Structures are given as structure tokens and as C-alpha cells.
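sequence and predicted structure are below.
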Amino acid sequence: MSCTPDDWAVFWCHLLGPILLDDVEPGERRRFLRQLTQSEVRLPTGHTKRISLSTLRRKVRRYRQQQLTGLQRKRRNDRGQSRKDRHAMLTRAIELKRQQPLRSPQVINTILQQEFGRTIPKSTLNRQLRRAGATRRQLRPTAEKIRCRWTRDHSNSLWVGDFADGPCVFHGGHAIKSHLSVWIDCHSRYVVEGRYYFRENLDILIDSLLRAWASHGASRELYVDNAKIYHSRALTLACTQLNLGLLHRPPKDPPAGGIIERVIQTTQGQFEAEIRASHTVTLDKLNQYFQAWLHEGYHQTVHSETEQTPSQRFHAGTRYHRPVNMAEALGLFNLREKRQVDSTFCDVQVHRQYFAVDPKYRYDRSVMVHYDPFGRSEEVKLYSLEGVFLQVAPRYDRSPGAHPFCDLPPPQPPATPLDHEYLEILSARHQERLQAQSQSGVNFHRAQHAHILSLTQLASTFAQLLGRQGGASGLSAEELEQLASFHRGHPRTTRELLQQACQLAELKTIPVILFQLQQLLPR
């Protein structure tokens, strides 16, 4: 037990008070001191012992000479130094520690035992290393931050949130661990929302935030740690839309979350300790007890830092308040995912559920689907990839006739007649071409030669005029022989003459048409 010189002075004044204050007659002083030597007394160090008569006389004599200074214990001249001759060993121990700051006293003593044949007690070694500035913390580079107290000047300026493991609850015949989601106001340490859940994920975080916003409005900023759920796209977009600052703790820096950790520690020590000591409760009962403890216990207790109760400080006149439209806030946390429209069934799929798409979007291929991730949605919203709203798509099951758009009439053609602008363009080009040819002159011999039919073309044209299928293959071998014989005698037959002969023939047969053709050919 550590004690100061003043503690010794008070001890001697209390023990020798009757003599020092002259309450004992001079003839009785010797007998009084002898009586003191017969019983044990408790020293300021905590030990008990009998004090000798010579020590008592010496203390009385010193008091007469030096007053209270004489009763104080004198400091040793070699205080802090080794009483034994260990200077060389201590110097070597400090040298070993400076070489490797992580060396433990056990390792240093092992080396000292090898070099000097003896060791230094661990407490003595640590004390000497500390005096020499050779401890692990003193030798390593200063990397620890200098902390400071920080807060906000108004309520609802900054909310600090975190998760913590809670006590086990009874659910479905089993004991399941609960999880506490808590948000506190930094200015007042008031718990704006706190609740136990079965899980610790994004939907729980959003549920607790929505409850806090519904009760107290939105804060200016949120301060959270670096867990994955606090970096989610949904939370970032919601804070941006509500103009909230989203702050994260520095990575690998637990002391930065000391405010919320202290509230959680208080909850565990005062509330959860009572729950764990009793029978297992249900989650609803746990939350009921927790709300009662918050409002009747924690919020009504004077905080050691603010010197006010959290409830009084939170509801003071400097409170910052901004209501939140909860209908819009719910939509801020909708998930947005890219989906392809099934061109066969004309729908999109989200979590094995089908949502009908208007047929006019079935060939758009890709759309953005906005949906509520916390439950079984009856409908989703569809947007184009550019962010243009398309429709609200209802859920259905792909059964016959279930598609809500299957009975819609097909799109009707435009009421106004289609103009023939394209054909007019082609006609104008054709007229220009004919006019150019008429101006430059036409080689009738070449034009006539270009229309002369070969035997194959003659057979194909005959088959077409007679209505035969398959071209020349639709003619019989006998008919092909007749055409070959005619072509050898009249090789300059043209398509125009053949068509004219077919019109003049009374019977549409090959011999009759060939006879008429022979009459038309020049001799």
C-alpha cells in the first residue's frame, strides 16, 4: 500500500496525541508510552506491528524539535536505485530492452542469468526500465492519437448508431441470440431509438432508422462504424436524398466510437444483466422491458459528462427538428436492379416472383426494377435505363390468362393513310434515269440483244407462262426437246415476242405458242 509522508505524520499525531498535546502528566508519560508498546497498531502501509519504546520516545523528541516535519518519514537518499550491486546488470537489461522493445522480462532475465549468473525480480526490472524510459510504449514511435471530448451544441445534430449482441430470447421452442440496434443523440446521450431483433443486417438497420425518423424527425448527420451494412447503396442514397451527412469511424480505431460504446456498456450492465439472471423471455417481452428501462431509468438518470438527464437535455429549447415524410422515406430504401424483359412471357423476374410488363416494352430488353427488399411485393416499378418511369408492374404467376395485359386489343394501324413518299422518291429517280438515257441516245441493237433468251431462259419463261411450278423442271422431256429444236432454228427469240405469241395463241400449249412465235419472228 502506497503512503505519503503526511500519512505518517497523521499516524504519529493520532498515536501520540495525548503526549504531544500535553494531556498526560509528566510523571505518567513513561507509563503511557509503555502501554502503547503492549498492543499492535495498524501502520499507514496496512501492516500491523508493535512499536518499541525507543521509537516512541524518538518521535516525541523530534516533534519537540521540528514539529510535524519531525514526524514525517524521511525519503531515502538512494530512492529509486537498487540497494544491491546490480548497476551492471540493470545497464545490460536496459540495453537489451532498447535493442528489442518487445523483449519480455523473462527473456531479459534468461540472458542475464547466462551472463551474470543471477536475475532481477520482475517488479524491480519493470520499475527500473520505466525510470530509464525503456518500456515498450516509451520506446516505440508515438502512433496513438491524442483524444479529445467532442459533441454537438444542439439535439438532433448528430446521431450515433451501432449494433451489439443481446441476451438470448425464447422463440419457437429454442433459445435464440438477440441483437440490439441503438441510435443515440450525441448532444444529450438520449436514445432516440433502441430495439432488439433476431438479425443484424440492412433491413434491421433501416427499420430502426425509420422508427427514429418517425418519432424525432431527421438529424443533420449520422455517425456509424465501417461495417458493410453502413456502406450500403440504399443507406447512402437515402441520406443523400434527405440531405443527411453520413460519417464513418476511422478504420481500425475503436476509441472513436466511445460515446455509443459507453451507452451499450451501460445497457449491458444495468439492463441485460437483469435479463440474463432471470428466465429466458420472448423478444416482445425483452423489448417491452427495454423500453421501460430506457424511459424510467436511463433517460431519467443524470449523466456524469453532461450533468443533466438525457431526457432534459434532449428536449431543451435548442433542439433541432426536421420532420420526415415517411411515405417518401420508405421509397428511398427500395432496391434498384437491372432486369431483362422476357420477350416470350412479357414479364420480369425478381426473387423468383414474376411481374407483368406492358407488351409495348417487351422488346426493350433491359429495364431498371425498383422494389421493396423487406417483403413479398405485390408490384414493382419499372424504369428505363435512362431513369424514365415506364409502369407499375403487378405480380402474377404465369398461369393461362393470368397476365393482366393478355386481353388488351392489338395495336391499330394509324388512322391517316400511309403516304407513298418512298415510292415517289424511287419513281422520280427512275424518270431521271430514263430522261438521261433518252438524251444520250439508246443502242437499240444492244438493247434487243440484251433481251434475247437462251435455251434455259426460254424453257423457264415457257413454264412461267403455262403456270408450271418449279421453272424449267416443270416441263416434260418431250416439251424440252421441242423447245431445243425451235431454239436451234430461231436463236434470236426475245421475251417480248414470246409473251406476244402467248397472247395470240388460242390454246395455251407449246406447239400452238411456237407456231405463233414463228409467225412473229423476222425472216
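Structure's in. What do you need?

okay, buried residues for stretch 32-50 please.
For stretch 32-50, burial by neighbour count (16 or more other Cβ atoms under 10 Å) applies to 33, 36, 44. Placement of C-beta: from N, CA and C, glycine included.

export the residues you listed to TSV and append columns for pLDDT.
Shown next, in TSV, are the buried residues of stretch 32-50 (pLDDT from 0 to 100):
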residue	pLDDT
33	84
36	84
44	80
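
of the residues you listed, just say which sits nearest to residue 127.
Among these, residue 44 lies closest to residue 127 (Cβ to Cβ), at 21.0 Å.

my read: the closest one touches residue 3, true?
Yes - with contact defined as Cβ atoms under 8 Å, residue 44 reaches residue 3; the gap is 4.0 Å.

list the contacts of residue 372.
Residues in contact with residue 372 (Cβ atoms under 8 Å, 6 or more residues apart in numbering) are 330, 333, 334, 335.

ok, the third one - how many residues close by?
For residue 334, the tally of surrounding residues (other Cβ atoms under 10 Å) stands at 18.

for the second one, same thing?
The burial metric for residue 333, expressed as a neighbour count using other Cβ under 10 Å, is 21.

confidence score at it?
For residue 333, the model assigns a pLDDT of 74.

now do the contacts for it.
206, 234, 235, 238, 372, 373.

looking at these, which has the most residues close by?
Going by other Cβ under 10 Å, residue 238 tops those with 23 neighbours.

now do it, the pLDDT please.
pLDDT, residue 238: 81.

hang on, it packs against residue 330?
No - using Cβ under 8 Å as the test, residue 238 is too far from residue 330 to be in contact (9.9 Å).

picking up where we left off before, show me which pair in the contacts of residue 333 is furthest apart.
235 and 372 (15.3 Å).

tell me where the stretch 51-200 of the chain is predicted with low confidence.
Applying pLDDT under 70 to the stretch 51-200 of the chain picks out residues 73-85, 141-150.

ranges for the helices of it?
Per DSSP state H, counting those that start in this stretch, the stretch 51-200 of the chain carries helices over the ranges 53-66, 68-71, 87-99, 105-116, 122-131, 136-139.

for the fourth one, packing partners?
Using 3 or more Cβ pairs under 8 Å, 6 or more residues apart in numbering; DSSP states H and E as the contact criterion, the elements in contact with helix 105-116 are helix 87-99, helix 122-131.

give me that answer again for 6 Å
helix 87-99 (3 or more Cβ pairs under 6 Å, 6 or more residues apart in numbering; DSSP states H and E).

contacts for the helix it packs on?
Helix 87-99 is contacted from outside by 103, 108, 111, 112, 116, 128, 129, 132, 134, using Cβ atoms under 6 Å, 6 or more residues apart in numbering.

and that helix with helix 122-131, angle?
On the basis of axes from the mean of the first three to the mean of the last three Cα atoms, to 10 degrees, helix 87-99 is oriented at 70 degrees to helix 122-131.

output the helix or strand harbouring residue 430 as PDB, nothing but the C-alphas.
Element membership for residue 430, per DSSP states H and E: helix 421-440. Extracted in PDB, the C-alpha atoms of helix 421-440 (Å, rounded to 0.1, in the frame of the first residue of the first chain):
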ATOM      1  CA  GLU A 421     -43.100   9.200-100.100                       C
ATOM      2  CA  TYR A 422     -40.600   6.400-100.500                       C
ATOM      3  CA  LEU A 423     -42.200   5.100-103.700                       C
ATOM      4  CA  GLU A 424     -42.400   8.700-105.100                       C
ATOM      5  CA  ILE A 425     -38.600   9.100-104.500                       C
ATOM      6  CA  LEU A 426     -37.900   5.900-106.400                       C
ATOM      7  CA  SER A 427     -40.300   6.900-109.200                       C
ATOM      8  CA  ALA A 428     -38.500  10.300-109.500                       C
ATOM      9  CA  ARG A 429     -35.100   8.600-109.700                       C
ATOM     10  CA  HIS A 430     -36.400   6.300-112.400                       C
ATOM     11  CA  GLN A 431     -37.800   9.100-114.500                       C
ATOM     12  CA  GLU A 432     -34.500  10.900-114.200                       C
ATOM     13  CA  ARG A 433     -32.600   7.800-115.400                       C
ATOM     14  CA  LEU A 434     -35.000   7.400-118.400                       C
ATOM     15  CA  GLN A 435     -34.600  11.000-119.300                       C
ATOM     16  CA  ALA A 436     -30.800  10.800-119.200                       C
ATOM     17  CA  GLN A 437     -30.900   7.700-121.400                       C
ATOM     18  CA  SER A 438     -33.200   9.400-124.000                       C
ATOM     19  CA  GLN A 439     -30.900  12.400-124.100                       C
ATOM     20  CA  SER A 440     -27.700  10.400-124.600                       C
END
